[in-house]
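> Provided below are the primary sequence and the corresponding predicted coordinates.
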Amino acid sequence: MGSRRARRTPQTPGRTPTRRAASPPAKTPQTVRRRIKQRLAKLQQEEIAVSDDDSDFSPLEESSDSSEEDEPEAAGDRESGSDEDKDAEEEEEPRQRSEATYFALHSARGVTSNHTLSRLAEPRLSHAALQTLLGERPADHAAERAALLGDVELLFPHWLVALGHGFNVLLHGLGSKRAVLERLRLTQLQHRLHVVVNGFHPSVTPRQLLQTLLEDVLEVAAPPGRPEAQAEAVLRRFSGSGDARLFLLVNSMDGPMMRGERMQQLLARLAQAPRVHLVASVDHINAPLIWDQHKLAQFNFIWFDATTLLPYTEETSYENSLLVRQTADLALSSLRHVFKSLTPNARGIFILLAKHQLENADDRTFEGLPLSELYRRCREQFLVSSQVALRAQLTEFRDHKLIRSRATHDGVEQLTVPLEAPLIAEFLAGCDDS
């Protein structure tokens, strides 16, 4: 082994290995990828910028030619540049691509469908035809629904006990509770003083409720004019000495016309009276959001599950549906229902507005009755005492969707009735007959 090691020729101490001549650096895959990304970004930006297809100028070809000519120089600059410049370029390229992609996606027009209700093979039904078809349809699971209604009816004695101890009853659950309250009225409250409030009706207002309590229940000959005074009169009657008790049955306490602050505040004050007993129902899943902690303390509810699985036929009969054709009879019927709940002065104001619109029905430039002119006419007929009172009455009209108001270019408020001239004429003829 030692002799073999001795035969090896040691390298010369001062000798260094020869190096090959310097050759141009090879293009790495990273350089190629960077160049391709830049080319794609340029092409995408130029495609977005091109808007005229008939032009002979082709920026794509020019950019491709110029990019091919500048490739060697650009490659040399990139290879000779520092690492910091390369990192900055790599961070800038994705941002430019994302911006180009964003504007490319949002510059295109959205595609909309032309499948509208007017293109249906079957025309939309009228309200009367829809009610007829629903009435002819046999009820599903009639036995099971009757059993559920019977189970709820067994709770009537518990409700009366809770009412006698100062609590109020709130019914919740899936299905209409209108039949439940009707059975409660017929079986338990037939010989007691009670009032039924249909919260789903579009004409329900705090004023109408107070007038019903004063005129029909308490039989007050000359009730006060202001709502605050009317509420105080009702509360004095059922808070003082006496044996009379009032049972207030409210269907759909969370209905569209019942969600207002004034209505809920009135019901809360009535529920606090010692001899006023409230039994109400809610249908919406978010109904508890109507009340805060203060109102819940005033109502003092006990919640009972009254699931019936009955359809909400009456509760939804006054709502607009896209599948139901809005006929003139339905609009006129709704107007008459709401008109009956108004005070005499409010009726006079609405009739003034309707007559003025009917007189100008043939005038194409008619935009409505100015508010100042309406106030002048109401003062002449002693319908309002101030403009504040008129605006308060117009707010009630807007809540019932009896009028529309819009401001002109010079700031004048114009009032109109959202009905056609023949319907207004028929409505005014019915008012004259009554």
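Perfect, thanks for sending it. Numbering: from 1, shown residues only.

> and the strands in the stretch 51-200 of the chain?
Under the criterion DSSP state E, counting those that start in this stretch, the stretch 51-200 of the chain contains strands at 125-126, 168-172, 194-198.

> who are the packing partners of the first one?
What that stands for is strand 125-126. Where contact means 3 or more CB pairs under 8 Å, 6 or more residues apart in numbering; DSSP states H and E, strand 125-126 is packed against strand 324-325. Yep, even glycine has a C-beta here, placed from its N, CA and C like the rest.

> so what's the model's average confidence on the strand it packs on?
The average of the pLDDT scores along strand 324-325 is 64.

> before we move on, the earlier item: most tightly surrounded among the strands of the stretch 51-200 of the chain?
Among the strands of the stretch 51-200 of the chain, strand 168-172 has the highest mean neighbour count (mean count of other CB atoms under 10 Å), at a mean of 22.

> that strand pairs with which strands?
In the sheet, strand 168-172 lines up against strand 276-281 (parallel), strand 301-305 (parallel) (DSSP bridges).

> got the CA coordinates for that strand in CSV?
Provided in CSV are the C-alpha atoms of strand 168-172 (Å, rounded to 0.1, in the frame of the first residue of the first chain):
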residue,chain,number,x,y,z
ASN,A,168,-101.0,39.7,28.9
VAL,A,169,-101.0,36.9,26.4
LEU,A,170,-98.9,36.8,23.2
LEU,A,171,-99.4,34.0,20.7
HIS,A,172,-96.7,32.8,18.4
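
> which other residues reach it?
Strand 168-172 is contacted by residues 159, 162-163, 177, 180-181, 253, 271, 277-282, 287, 299-306 when judged by CB atoms under 8 Å, 6 or more residues apart in numbering.

> ok, of those, which come out buried?
159, 162-163, 177, 180-181, 253, 271, 277-282, 287, 299, 301, 304, 306 (16 or more other CB atoms under 10 Å).

> before we move on, back to that, redo the strands paired with strand 168-172 as CSV? Include mean pLDDT and distance to L186.
Converted to CSV, the strands paired with strand 168-172 look like this (pLDDT from 0 to 100; distance: least, CB to CB, whole Å):
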stretch, mean pLDDT, distance to L186
strand 276-281, 95, 14
strand 301-305, 95, 19
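
> and H356, which of the ones you listed is closest to it?
strand 276-281 (41.1 Å; CB to CB).

> neighbours around E373, how many?
15 (other CB atoms under 10 Å).

> who does the helix or strand hosting it touch, helix- and strand-wise?
Per DSSP states H and E, E373 falls inside helix 371-380. Judged by 3+ CB pairs under 8 Å, 6+ apart, helix 371-380 is in contact with helix 344-359, helix 387-399, strand 413-416.

> need the contact list for the nearest residue to F167 once chain neighbours are set aside.
Take F167 and drop its neighbours on the chain: the residue closest to it by CB to CB, 6 or more residues apart in numbering is I302, 4.8 Å away. With contact set as CB under 8 Å, 6+ apart, I302 has these partners: 162, 167-170.

> what sits against R404?
368, 415-418.

> can you check G348 too?
378, 381, 383.

> now a PyMOL select for only the buried ones of the residues you listed.
Buried subset of the contacts of G348, written as a PyMOL selection, criterion 16+ other CB under 10 Å:
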select buried, resi 378+383
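
> need the contacts of G348 in JSON lines with distance to V338, can you?
Shown next, in JSON lines, are those (distance: CB to CB, whole Å):
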{"residue": "C378", "distance to V338": "19"}
{"residue": "Q381", "distance to V338": "21"}
{"residue": "L383", "distance to V338": "18"}
